[in-house]
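Visitor: Have a look at this prediction, sequence included:
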Amino acid sequence: QKEVEQNSGPLSVPEGAIASLNCTYSDRGSQSFFWYRQYSGKSPELIMSIYSNGDKEDGRFTAQLNKASQYVSLLIRDSQPSDSATYLCAVLQISPGAGSYQLTFGKGTKLSVIP
Amino acid sequence: NAGVTQTPKFRILKIGQSMTLQCAQDMNHNYMYWYRQDPGMGLKLIYYSVGAGITDKGEVPNGYNVSRSTTEDFPLRLELAAPSQTSVYFCASSWGLADYNEQFFGPGTRLTVL
C-alpha cells in the first residue's frame, strides 16, 4: 500500500509569516511530486511540481524535495489570507513497461492565515 | 478555453439507479482521469485513460465503468448506485503521464445516493 502522509492541521499562521507544509511518502520509487491547493467546495489547483532533489521556487512558493528522506515540503512566504485553503500533496509512481500508473494523494493540510 | 468541464454539478440518486457523469476537455490532452473525494480525505483514482480507446483501472474502480471514444470526452458510468458511492467526483486531464503530469481539474460533481 503506497502511502502519502500529511499533518491534517489546521495550521494557523499570522499574515506575512512563512507557512511550512510537510509530506512524507512510503514508495522509494516515486518519481514526481505535486502540491495542489483546494479551497473549500472547489476543485484542486496545481501550485507546484518538483521532480528532482532540492528546492524549486515560484513566486512566494518554494517546494523542497529530499528523496533519501522520502520527504517533500511546501513553503509559502509572506502568507496572505487568500492562501487559506487545504493543501494536498500528491506523489506519482509509474512503471510504463507494466502499464502501471499511480498518483497517490495525501489527505491534505488545512492552512489558515490569520489577518 | 473552457478547460475541463463536468456535468451535472449535483445529483441525487436512489439505490440501484444508474447514471453517467460527463467530462470534457478542450486542451487536447491525451491523459484523463476520474477521482472521487470523500469528506476529509484525499483524492482516490477510479480510472484513467492514456488516449482514445485506452482505459485502465485506478485504485478504486469497483462499481464504475468508463469509455474514451474521443480525445475530448471521458464519461464515468455508475451502475447500481450504492450509498458508498456518495462522494464528490472530479475529472482531470494532463499533457503527460510520467513527465508533465500536472493535472487540470474540472469543477466536480457532488453525488448523493439515498
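Guide: That came through fine.

Visitor: Grab the nearest non-local neighbour of the residue of chain A found nearest chain B.
Guide: As assessed by Cβ to the nearest Cβ, chain B sits closest to A:Phe105 within chain A, at 3.4 Å. Using the backbone N, CA and C atoms, a C-beta is placed for each residue, glycine as well. Distances taken as Cβ to Cβ, 6 or more residues apart in numbering or on different chains put B:Gly42 closest to A:Phe105, at 3.4 Å, once the chain neighbours are dropped.

Visitor: So in that sheet, which strands flank the lowest-mean-pLDDT helix or strand in chain A, and in what orientation?
Guide: For chain A, counting by mean pLDDT, DSSP states H and E, strand A:100-105 ranks last in confidence among helices and strands (a mean of 83). When pairs are called by DSSP bridges, strand A:100-105 turns out to pair with strand A:85-95 (antiparallel).

Visitor: you'd agree B:Tyr89 is up against B:Pro107?
Guide: No. B:Tyr89 lies out of contact with B:Pro107 (Cβ atoms under 8 Å); the separation is 10.6 Å.

Visitor: neighbour-wise, which of the two wins?
Guide: More neighbours surround B:Tyr89 than the other of B:Tyr89 and B:Pro107, with 23 against 16 (other Cβ atoms under 10 Å in any protein chain shown).

Visitor: Are we agreed that that one is in a strand?
Guide: Yes. Counting by DSSP: H, G, I helix; E, B strand; the rest coil, B:Tyr89 is located in a strand.

Visitor: List the contacts of it.
Guide: When contacts are counted by Cβ atoms under 8 Å, 6 or more residues apart in numbering or on different chains, B:Tyr89 touches B:Gln6, B:Leu21, B:Trp34, B:Tyr35, B:Arg36, B:Gln37, B:Ile46, B:Leu76, B:Gly108, B:Thr109, B:Arg110, B:Leu111.

Visitor: can I assume the residue nearest to A:Phe105 is in contact with A:Val91?
Guide: No. If you go by Cβ under 8 Å, B:Gly42 and A:Val91 don't touch, sitting 10.7 Å apart.

Visitor: the more surrounded of the two?
Guide: Shown here are B:Gly42 and A:Val91; by other Cβ under 10 Å, A:Val91 has more neighbours (24 against 21).

Visitor: Please name the bridge partners of that one.
Guide: For A:Val91, the beta-bridge partners under DSSP bridges are A:Phe33, A:Thr104.

Visitor: just to revisit the earlier point, counting only strands, which of the contacts of B:Tyr89 make the cut?
Guide: Under the assignment DSSP state E, the contacts of B:Tyr89 contribute B:Gln6, B:Leu21, B:Trp34, B:Tyr35, B:Arg36, B:Gln37, B:Ile46, B:Leu76, B:Thr109, B:Arg110, B:Leu111 to strands.
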